[in-house]
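Enquirer: sequence first, then the predicted structure, then my questions.
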Number of protein chains: 2
Amino acid sequence: MKTMTKSGAAALPLNSIVSGDCIEVMRSLPEASVDLIFADPPYNLQLKGDLHRPDNSRVDAVDDAWDKFDTFAAYDRFTREWLAAARRLLKPHGAIWVIGSYHNIFRVGAALQDAGYWILNDVVWRKSNPMPNFRGKRLTNAHETMIWASKSEGAKYTFNYEALKALNDGVQMRSDWVLPICTGHERLKDERGEKAHPTQKPQSLLHRVMVGCTKPGDVVLDPFFGTGTTGAVAKMLGRDWIGIERDAGYIKAAEARLAKVRKYDRDALVVSTSKRAEPRIPFGQLVERGLLRPGEMLVNARGKQAKVRADGTLIADDVRGSIHQVGAAIEGAPSCNGWTYWSFSRDGQKVPIDLLRQQLRAELG
Amino acid sequence: MKTMTKSGAAALPLNSIVSGDCIEVMRSLPEASVDLIFADPPYNLQLKGDLHRPDNSRVDAVDDAWDKFDTFAAYDRFTREWLAAARRLLKPHGAIWVIGSYHNIFRVGAALQDAGYWILNDVVWRKSNPMPNFRGKRLTNAHETMIWASKSEGAKYTFNYEALKALNDGVQMRSDWVLPICTGHERLKDERGEKAHPTQKPQSLLHRVMVGCTKPGDVVLDPFFGTGTTGAVAKMLGRDWIGIERDAGYIKAAEARLAKVRKYDRDALVVSTSKRAEPRIPFGQLVERGLLRPGEMLVNARGKQAKVRADGTLIADDVRGSIHQVGAAIEGAPSCNGWTYWSFSRDGQKVPIDLLRQQLRAELG
DNA sequence: ATAGGCGTTGAATCTACCT
DNA sequence: TAGGTAGATTCAACGCCTA
């Protein structure tokens, strides 16, 4: 087990499973230390006589409707407690994913919002092979819902847009994901050959979440670890992980599973990055470096010209300013990306100035 | 207008639009008199500044006053009030459908449960042509969520299993519905040619709801009638309808629309049955699904290798990109079909990756 | 007539960094 | 902390026009 200390606080039990109640365990861990939380909370509503129910004595005295409300209230209390403990653990730029079905997801979503999380998307896991509805009384329950939320409104968060776009054949990733349920060899079995966990999630689901929302080396926490799908995918992808689980049987199964997981090659973990991640090159540097001469003319797509000045600004008619400002002024647009807007002439050809930027980036390593 | 009296109570304003606040109007109508409620309440989007497309055009956002609430608490109060008034109107065997997005649906769902409704399914409307995410900061918001609930736990409800199965090519209807958004001729325009309502729902959506959950002659109420999609589909299908709307402009547009609707005029219902194209399988899905492992090598016919990365891109020498891009680069060709170009090794055999795609297609049916 | 190009549009919580 | 500016970013469908 690798551990980490943060300014003298309790150690973070990286790459291990902590046995116990997730609320208590989370409260004992150092705050602002986790990059991503993936949570698959229970939603069987079997909280009667279980934890977090303050007053059992009243149960038999009330009618069904009241009891129903009381059950929801108990579930809400449980939800709000673990969500608060989880939020404390998140770094300011961290994020959470929660998965659920119509039984619980509405209560979880409302509690998330009330706790100060900021919902970024809800994502539908569309199961390609769901269990049919045998009685024909309802629609086939063919999906589950995930909520992706940042720690607070306006907070930064990790989103590997280009990587997910690449995963989706070059088209931006949508909020509905078609993936099969966990079956076959991936599904863990116990000694009797029965499924080890009733709701084991497919690794493909976690793969997409982590490729999209974490960086290599990030810390991923799963407070309802179960048989450890989150840990398995995190390990494969070179992320650190922490699992919390109170069922000894699940822990045992997860530990056996995780021991067998291999991390992918380092260069296989690299995912496509966007232009945003590349070093910024001021336009003036092209002039300084002699890639463009002061006095040289740039043109836009319609042939409109602007003259390059020694300080890296442009002048066209009465407008002067940065490549972006002059482009925006000509277009009457609120903004403009000058790098793609302007071209220059070389050997009678119009060449976008962005090419010079790329050239400079390559030189600068 | 056809009216109905129920044991001396106030008349039910069948097949007409009632002008006014939906909570007040619903409170004035006779209880237990409606079979189905379809509600498209304000989403409380909380939009801030303008949004521009990459081509600098401005997105015409939903900035109407009716969608603005000061706090979640205010939105909750509103939601709980209209849900309570609606529940009073429902017959004991009636049902409700509510549609929303992640901004509001979790609050609506929790309020439904607290009010005593019993959720039967949540249904995902997967939009075949959603608006993209222009800034690349989140996932494309490609779906909305509908909740289907009976009046109370254990209550009977109408569900036309066979009819929906027939609508779905003889296969049990699932909880995810792929339908296009409302565009083209179906989209109502005002005198200036602008969209008459910012959030008009497609008739195909209401068609499926009513075919599945009502009988001919049932009374369908829509408390947020807008430009009357619910009424139009109800009329076509021979159901009685009641609309409540407080905006005079929407009422006028809806009345003009409804006057033109013919009962049983199936052709008017543009159910875009997009030809079931072969499901597109992104190469990345082979990686997510574990059919190929990040770090694994692919080879072309001449033995040239490329390494698979976690996001479904390849890397070979200095070239990185999709299976098609890397293939094209190696060949010096303008394009390349990566599916037939690349193979992988299994048990010492070279196997084309297209075989894995076919395998996946078969699974996804 | 028909194919193809071009412009428009849709329930959207849509930036990052430096001063 | 607020303000200013660099500069990154889109998919499917429909209607209109031209070849």
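Expert: Yep, that arrived.

Enquirer: touching chain B at all, stretch A:236-249?
Expert: Yes - remark: stretch A:236-249 sits within contact range of chain B at A:Met236, A:Leu237, by CB under 8 Å from any CB of the partner chain. In this view, the C-beta of every residue, glycine as well, is placed from N, C-alpha and C.

Enquirer: which strand or helix spans the closest residue to A:Met26 other than its chain neighbours?
Expert: Nearest residue to A:Met26, sequence neighbours excluded (CB to CB, 6 or more residues apart in numbering or on different chains): A:Ala85, at 3.8 Å. Taking DSSP states H and E as the criterion, A:Ala85 maps to helix A:64-89.

Enquirer: list the contacts for the spatially most central residue of chain A?
Expert: The geometric centre of chain A, computed from its C-alpha atoms, lies nearest to A:Cys213 (CA atoms, centre = their mean), at 2.8 Å. In this structure, A:Cys213 makes contact with A:Leu36, A:Ala95, A:Trp97, A:Trp148, A:Tyr157, A:Thr158, A:Phe159, A:Asn160, judged by CB atoms under 8 Å, 6 or more residues apart in numbering or on different chains.

Enquirer: the last one reaches A:Gly212, doesn't it?
Expert: Yes - with contact taken as CB atoms under 8 Å, A:Asn160 and A:Gly212 are classed as touching, separated by 5.5 Å.

Enquirer: picking up where we left off before, in the helix or strand just after the helix holding A:Ala85, what's buried?
Expert: Later in the chain than helix A:64-89, the nearest helix or strand by DSSP H and E is strand A:90-100. Buried residues in strand A:90-100, counted by 16 or more other CB atoms under 10 Å in any protein chain shown: A:Leu90, A:Lys91, A:Gly94, A:Ala95, A:Ile96, A:Trp97, A:Val98, A:Ile99, A:Gly100.

Enquirer: parallel or antiparallel, which strands does strand A:90-100 pair with?
Expert: The pairing partners recorded for strand A:90-100 under DSSP bridges are strand A:34-39 (parallel), strand A:143-150 (antiparallel).

Enquirer: on that earlier part again, same list (the contacts of A:Cys213) but as a markdown table, adding distance to A:Leu205 and pLDDT.
Expert: Formatted as a markdown table, the contacts of A:Cys213 follow (distance: CB to CB, whole Å; pLDDT from 0 to 100):
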| residue | distance to A:Leu205 | pLDDT |
| --- | --- | --- |
| A:Leu36 | 14 | 98 |
| A:Ala95 | 16 | 98 |
| A:Trp97 | 10 | 98 |
| A:Trp148 | 12 | 98 |
| A:Tyr157 | 19 | 98 |
| A:Thr158 | 18 | 97 |
| A:Phe159 | 17 | 97 |
| A:Asn160 | 16 | 97 |
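
Enquirer: got JSON lines for these, with distance to B:Ala301 too?
Expert: Below are these laid out as JSON lines (distance: CB to CB, whole Å):
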{"residue": "A:Leu36", "distance to B:Ala301": "41"}
{"residue": "A:Ala95", "distance to B:Ala301": "44"}
{"residue": "A:Trp97", "distance to B:Ala301": "42"}
{"residue": "A:Trp148", "distance to B:Ala301": "42"}
{"residue": "A:Tyr157", "distance to B:Ala301": "43"}
{"residue": "A:Thr158", "distance to B:Ala301": "39"}
{"residue": "A:Phe159", "distance to B:Ala301": "38"}
{"residue": "A:Asn160", "distance to B:Ala301": "33"}
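
Enquirer: from the residues you listed, list just the buried residues.
Expert: Buried members of those, scored by 16+ other CB under 10 Å, are A:Leu36, A:Ala95, A:Trp97, A:Trp148, A:Tyr157, A:Phe159, A:Asn160.

Enquirer: quick revisit: excluding chain neighbours, give the residue nearest to the residue nearest to the centre of chain A in space.
Expert: Per CB to CB, 6+ apart, closest to A:Cys213 is A:Thr158, 5.4 Å.

Enquirer: swap in A:Asn168?
Expert: Closest residue in space to A:Asn168, ignoring its immediate chain neighbours: B:Pro282 at 5.0 Å, by CB to CB, 6+ apart.

Enquirer: what sits against that neighbour?
Expert: B:Pro282 makes contact with A:Leu167, A:Asn168, A:Asp169, B:Gly312, according to CB under 8 Å, 6+ apart.

Enquirer: of these, which is the nearest to B:Trp118?
Expert: A:Asn168 (37.0 Å; CB to CB).

Enquirer: that closest one - how many residues pack around it?
Expert: 21 (other CB atoms under 10 Å in any protein chain shown).

Enquirer: wait, it touches B:Gly284, no?
Expert: Yes - between A:Asn168 and B:Gly284 there is a contact at 6.4 Å, judged by CB under 8 Å.

Enquirer: and the closest residue to DNA strand C within chain A, which helix or strand is it part of?
Expert: Closest residue of chain A to DNA strand C, CB to the nearest atom of the strand: A:Ile119 (3.7 Å). According to DSSP H and E, A:Ile119 maps onto strand A:118-127.

Enquirer: just the C-alpha atoms of that strand, please, in PDB.
Expert: Presented in PDB, the C-alpha positions along strand A:118-127 are these (Å, rounded to 0.1, in the frame of the first residue of the first chain):
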ATOM      1  CA  TRP A 118     -22.800  21.800  -9.300                       C
ATOM      2  CA  ILE A 119     -24.200  19.400 -11.800                       C
ATOM      3  CA  LEU A 120     -22.300  19.300 -15.100                       C
ATOM      4  CA  ASN A 121     -24.200  16.600 -16.900                       C
ATOM      5  CA  ASP A 122     -26.500  13.800 -16.300                       C
ATOM      6  CA  VAL A 123     -25.400  10.800 -18.300                       C
ATOM      7  CA  VAL A 124     -27.600   7.900 -19.300                       C
ATOM      8  CA  TRP A 125     -26.100   4.500 -19.400                       C
ATOM      9  CA  ARG A 126     -28.100   2.800 -22.100                       C
ATOM     10  CA  LYS A 127     -27.800  -0.900 -21.500                       C
END
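
Enquirer: other SSEs contacting that strand?
Expert: helix A:105-114, strand A:143-150, strand A:176-179, strand B:118-127 (3 or more CB pairs under 8 Å, 6 or more residues apart in numbering or on different chains; DSSP states H and E).

Enquirer: next, the closest residue to A:Thr229 other than its chain neighbours: secondary structure please.
Expert: Closest residue to A:Thr229 apart from its sequence neighbours, by CB to CB, 6+ apart: A:Lys201 at 4.9 Å. Judged by DSSP: H, G, I helix; E, B strand; the rest coil, the three-state class of A:Lys201 is coil.

Enquirer: A:Lys201: what's it in contact with?
Expert: Taking CB under 8 Å, 6+ apart, one finds A:Asp40, A:Ile99, A:Cys182, A:Thr229 in contact with A:Lys201.

Enquirer: could you dump the residues you listed into TSV with distance to A:Ala362, pLDDT and secondary structure added?
Expert: Below are these laid out as TSV (distance: CB to CB, whole Å; pLDDT from 0 to 100; DSSP: H, G, I helix; E, B strand; the rest coil):
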residue	distance to A:Ala362	pLDDT	secondary structure
A:Asp40	45	98	coil
A:Ile99	43	98	strand
A:Cys182	44	96	coil
A:Thr229	41	98	helix
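
Enquirer: from those residues, pick the one nearest A:Met297.
Expert: Distances from A:Met297 to the contacts of A:Lys201, taken by CB to CB, are shortest for A:Ile99, at 56.9 Å.

Enquirer: in the sheet, who's paired with that closest one?
Expert: Counting by DSSP bridges, the residues bridging with A:Ile99 are A:Met146.

Enquirer: dihedrals phi and psi, A:Phe224?
Expert: Dihedral pair for A:Phe224: phi -120, psi 70, per degrees, to the nearest 10.

Enquirer: from A:Asp21, how far off is it?
Expert: 11 Å (CB to CB, to the nearest Å).

Enquirer: so which of these two has more stuff around it?
Expert: A:Phe224 (20 against 15).

Enquirer: assess the claim that the more buried one and A:Tyr43 are in contact.
Expert: No - with contact defined as CB under 8 Å, A:Phe224 does not reach A:Tyr43; the gap is 10.5 Å.
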